[in-house]
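> Here is my input, please return the structure:
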Amino acid sequence: MNREVENVVAQEATEKWVNLEDIAEHLSVSTDTVRSWIKSGKLPVYRAGKRYKFKISEVDEWLREGRISE
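A predicted model of the protein is given here:
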């Protein structure tokens, strides 16, 4: 495995999960906007019981790909 791939694997293994409020702050939008994007399938999200969990790297990738639009 080359060094770049090893770095990506290591980053993903250590990346922390964030909650809805954290991702809203990261994106500079309201929590209601995040909920709307979740409901319409515009945002990568995981469920942990009743809570939403996000990986910032996945959300940032969606932004770069232009998948989040209103």
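> hey, let's count contacts and neighbours off CA atoms from now on
Noted.
> Residue 37 reaches residue 44, doesn't it?
No: Residue 37 is beyond contact range of residue 44, at 9.2 Å (criterion: CA atoms under 8 Å).
> Within its sheet, name the partner strands of the lengthiest strand in the chain and how each one runs.
Counting by DSSP state E, the longest strand found in the chain is strand 51-55. Next to strand 51-55 in the sheet, as set by DSSP bridges, lie strand 17-18 (antiparallel), strand 46-48 (antiparallel).
> what element comes up after the shortest one heading to the C-terminus?
Counting by DSSP states H and E, the element after strand 17-18 in chain order, helix or strand, is helix 20-27.
> Please identify the buried residues of that following helix?
20, 21, 23, 24 (16 or more other CA atoms under 10 Å).
> Give me the residue ranges of this structure where confidence is low.
Applying pLDDT under 70 to the chain flags residues 1-13, 67-70.
> how far away is residue 33 from residue 21?
Distance, residue 33 to residue 21, using CA to CA, to the nearest Å: 11 Å.
> Residue 60: which element?
Using DSSP H and E, the element containing residue 60 is helix 56-65.
> Output that helix in CSV with nothing but the alpha carbons.
Extracted C-alpha coordinates of helix 56-65, given in CSV (Å, rounded to 0.1, in the frame of the first residue of the first chain):
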residue,chain,number,x,y,z
ILE,A,56,-17.1,15.7,8.2
SER,A,57,-15.0,14.3,5.4
GLU,A,58,-18.0,12.7,3.7
VAL,A,59,-20.0,15.9,4.0
ASP,A,60,-17.1,18.0,2.6
GLU,A,61,-16.8,15.6,-0.3
TRP,A,62,-20.5,16.0,-1.1
LEU,A,63,-20.0,19.8,-1.0
ARG,A,64,-17.0,19.5,-3.4
GLU,A,65,-19.2,17.4,-5.8
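> So which residue is dead centre in the protein?
The centroid of the chain falls nearest to residue 59 when counting by CA atoms, centre = their mean (3.2 Å).
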